[in-house]
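**Student:** pasting a predicted model and its sequence here:
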Amino acid sequence: MSYPYQIKTKEQYDAAWKKSVDDPQGYWDSVASSFMWRKKCDSVLEWNFKDPDVQWFKGAKLNITENCLDRHLGTLGNKPALIWEPNDPEEHHRVITYRDLHHKVVQFANVLKNNGVKKGDRVCIYMGMVPELAIAILASARIGAIHSVIFGGFSAQSIADRLQDAQAEFVVTCDGAYRGNKEIPLKSVIDDALVQCRFVKKVIVLTRTRTPVSMIKGRDVWWEDEIKKVETMGNPDCPPVEMDAEDPLFILYTSGSTGKPKGVVHTCGGYMVYTTYSFVNVFQYTPGDIHFCTADIGWITGHSYIVYGPLGAGATSLVFEGVPTWPDAGRFWKIIDKYKVNILYTAPTAIRSLMGYGLGPVHGHDLSSLKVLGSVGEPINEEAWHWFDENIGKGKCPIVDTWWQTETGGILISNMAGVTPSKPSYATLPLPGVEPMLVDENGNEITGNNVSGNLCIRRPWPSIIRTTYGDHERCRTNYFATYPDLYFTGDGCFRDEEGNYRITGRVDDVLNVSGHRIGTAEVENAINMHAGVVESAVVGYPHDVKGQAIYAYIVYGNTHGDEDLTRQDIVQTVTRIIGAIAKPDKIQFVSGLPKTRSGKIMRRILRKIAEGELENIGDTSTLLDPGVVDEIKSRRV
Ligand code: WTA
């Protein structure tokens, strides 16, 4: 497999970036010519950010699985597409070649068809990190169904909300999932969610943990039984359904500043081209390399850089079921040694957590196969960057600090390994096709260098969000209305004297806890469900390992009970409503929240107090009751 669009030198990068902004149509037309299309496009790009309406490769026909599977069969059929490392290191790993994967995807696509799934139907996938998760994704794409993967850590209520929003009639799940020493009863969580979702017609259940489950007659079927039925049909093919470039490929829910997650919609053509293009260029993938992205497939990083990007490039992608600290904190290093991993793509929170165990767990593992390291999900602090560089990369592996979002589909700002320079804690330069711009609060452009502002992008790249499912207006107001004619990222950013970009964190009410995006309003809604809670406000504060942690200020009705028990109850409520990832780390009971006369909560003050900055709280004179601030300060937890 060769990649004609691969950029190999800084000069080529400069030239590619320039060409991509001078002649985006020409640039992307040429990149797209390395992919397999049933019909070529009539026009490469048509767009406006006002509606917004963005169409890449209009008129083109394709199926992304044909690109990820069929086209590799001739040359890479016996090469591993996926390597699966199970949670338990004693259990056998699996190597799935391109030919095997193609076969399994075709089989499961037929299972979906037999169960009534048609083009355009939404298929919700709630599974652990098993190869069948990737298979279910690809099988949906093969028949033109729209997959909506839900991270295995979300609660029944979160699943129900997402199923309802997407009106998904089909669910694929497992009996359970292993994560470290835990066993998560996925099917039983689905059963709880489905009490509220009577419109779900079929649930296909894969056996993984043998956790006891109850199967509902007519609705629930076993993955394995359904595969057997397909096998008895002989050896049927499942020709890929021809999709328009702009047909939806998937929905992925993500948090914003409102209480309800948004269903980010990505489409087939642009997403395919950009994920593979960015995968090859950022990581400088060389055929034969083993790529290990430690994210969960339930997040965008897993969609783009475990499944679609690597498979589009004919790469070998390692899927790890477990967690970095089980059975011990040497697990990643052991995996790298075992499979001779060449590219390790992980999150700052994992690096910081492993740093905490010292070098003991690193020793004794041969990491010499590593060529490239990557970081994603949150700003990486310099200490973690250097630890990663020195102890894992042994000073010889470029680190790519990749900035992007669920909405961007692929990496937008990052150095390219060994091609463009890295700079600790900087995502550095935009990829070709990406034109970043910093603006002040009023939307005026901030030009020059050594400046900070809100990060916007001036024009569409192929994998930009197309809409929020079922509510286009929400997409417009969230991303395209804050600053007219610009895509607004929600991130703050600094540009240095050489034009390198450094992401400084969210400027909206979105938290980033261990690399997971969580809206404060969502957490507040969950807390407010607790019977005793009158009102609450949630802010983030810096945390050594998680990056940010959650601080909740709560006005509680009954002040006579045991505070610790109440705290536990509230944490339980949040876990039940959203999932364990949204649990508040600190809860402070207060008699009131600092509000302006118009009733707006002054989060700035709450943030300062949570951060421990008790002196420079700023002006409190506009508060309805300035006295409440002193009380909150004095009882800080
Ligand atoms: C943050 C994850 C600094 C950022 C791919 C963004 C980062 C949000 C980086 C998106 C990075 C992601 N440096 N911050 N390299 N990468 N972020 O949608 O705040 O889960 O807006 O996508 O993570 O999170 P999401």
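**Tutor:** Cool, the structure landed.

**Student:** now for whichever residue of the stretch 301-450 of the chain sits closest to the ligand: which residues touch it?
**Tutor:** When scored by Cβ to the nearest ligand atom, the stretch 301-450 of the chain has residue 406 as its residue closest to the ligand, at 3.4 Å. C-beta: built from backbone N, CA, C; applies to glycine. Neighbouring residues of residue 406 by Cβ atoms under 8 Å, 6 or more residues apart in numbering: 252, 254, 264, 299-300, 465, 517.

**Student:** which of the residues you listed lies closest to residue 471?
**Tutor:** Nearest to residue 471 among the contacts of residue 406, counting by Cβ to Cβ, is residue 264 at 11.4 Å.

**Student:** helix or strand for residue 203, which one?
**Tutor:** Using DSSP states H and E, residue 203 sits within strand 202-206.

**Student:** run the chain-centre distance for that strand.
**Tutor:** 24 Å (Cα atoms, centre = their mean, to the nearest Å).

**Student:** partner strands of the next helix or strand after that strand, with direction?
**Tutor:** Once the chain leaves strand 202-206, the next helix or strand it forms, by DSSP H and E, is strand 220-222. For strand 220-222, the paired strands and their directions (DSSP bridges) are strand 202-206 (parallel).

**Student:** what's in contact with the strand it pairs with?
**Tutor:** Looking at what lies outside strand 202-206 - Cβ under 8 Å, 6+ apart - the contacts are 111-112, 115-117, 127, 130, 132, 169-175, 187, 190, 194, 213, 215-216, 219-224, 226.

**Student:** what does stretch 586-600 give?
**Tutor:** 535, 537, 541, 549-556, 559, 563, 566-567, 570-571, 601-602, 605-606, 610, 620, 622-626, 628-629, 631-632, 635-637.

**Student:** in strands only, show me those residues.
**Tutor:** Judged by DSSP state E, strands contain the following of the contacts of stretch 586-600: 535, 537, 541, 549-556.

**Student:** with adjacent residues omitted, what lies nearest to the closest residue to the ligand within the stretch 51-200 of the chain?
**Tutor:** Nearest residue of the stretch 51-200 of the chain to the ligand, counting by Cβ to the nearest ligand atom: residue 151, 10.4 Å away. Excluding its sequence neighbours, the residue lying closest to residue 151 (Cβ to Cβ, 6 or more residues apart in numbering) is residue 298, at 3.1 Å.

**Student:** list the contacts for the one you found?
**Tutor:** Listed by Cβ under 8 Å, 6+ apart, the contact partners of residue 298 are 149-153.

**Student:** most neighbours of all those residues, which one?
**Tutor:** residue 149 (28 neighbours; other Cβ atoms under 10 Å).

**Student:** pretty sure that residue sits against residue 128.
**Tutor:** No. If you go by Cβ atoms under 8 Å, residue 149 and residue 128 don't touch, sitting 11.7 Å apart.

**Student:** so residue 542 versus the ligand, what's the distance?
**Tutor:** Relative to the ligand, residue 542 is positioned 14 Å away (Cβ to the nearest ligand atom, to the nearest Å).

**Student:** what's the neighbour count on that residue?
**Tutor:** For residue 542, the count of nearby residues is 13 (other Cβ under 10 Å).

**Student:** show me what it is bridged to.
**Tutor:** Under DSSP bridges, the beta-bridge partners of residue 542 are residue 548.

**Student:** thinking again about what came up before, so which of the contacts of strand 202-206 sit within strands?
**Tutor:** In strands, judged by DSSP E, the following of the contacts of strand 202-206 are found: 170-174, 220-222.

**Student:** PyMOL command to pick out the buried ones of those residues?
**Tutor:** Restricted to buried positions by 16 or more other Cβ atoms under 10 Å, the PyMOL selection for those reads:
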select buried, resi 170+171+172+173+174+220+221
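
**Student:** low-confidence regions, the stretch 401-550 of the chain specifically.
**Tutor:** Counting by pLDDT under 70, the stretch 401-550 of the chain shows no low-confidence range.

**Student:** next to the ligand, which bits of it? Give me the list.
**Tutor:** For the stretch 401-550 of the chain, the residues in contact with the ligand (Cβ under 6 Å from any ligand atom) are 401-406, 427, 489-491, 503, 506, 512, 517.

**Student:** what subset of these is buried?
**Tutor:** In terms of neighbour count (16+ other Cβ under 10 Å), the buried residues within these are 401-406, 427, 489-491, 503, 506, 512, 517.

**Student:** sorry, back to before: and the residue of the stretch 51-200 of the chain closest to the ligand, backbone torsions?
**Tutor:** Main-chain torsions, residue 151, degrees, to the nearest 10: phi -50, psi 140.

**Student:** so it sits against residue 296, correct?
**Tutor:** Yes. Applying Cβ under 8 Å as the test, residue 151 and residue 296 come out as touching, 5.9 Å apart.

**Student:** picking up where we left off before, tell me which of the residues of the stretch 401-550 of the chain next to the ligand is nearest to residue 65?
**Tutor:** Residue 65 lies nearest to residue 406 out of these, by Cβ to Cβ, at 21.7 Å.

**Student:** remind me which helix or strand the residue of the stretch 501-637 of the chain found nearest the ligand belongs to.
**Tutor:** Residue nearest to the ligand within the stretch 501-637 of the chain: residue 503 (3.6 Å; Cβ to the nearest ligand atom). Using DSSP H and E, residue 503 sits within strand 501-506.

**Student:** now the following helix or strand past that strand, how far from the chain's geometric center?
**Tutor:** Remark: after strand 501-506, the chain's next helix or strand is strand 510-513, criterion DSSP H and E. Relative to its parent chain, strand 510-513 has a centroid offset of 13 Å by Cα atoms, centre = their mean.
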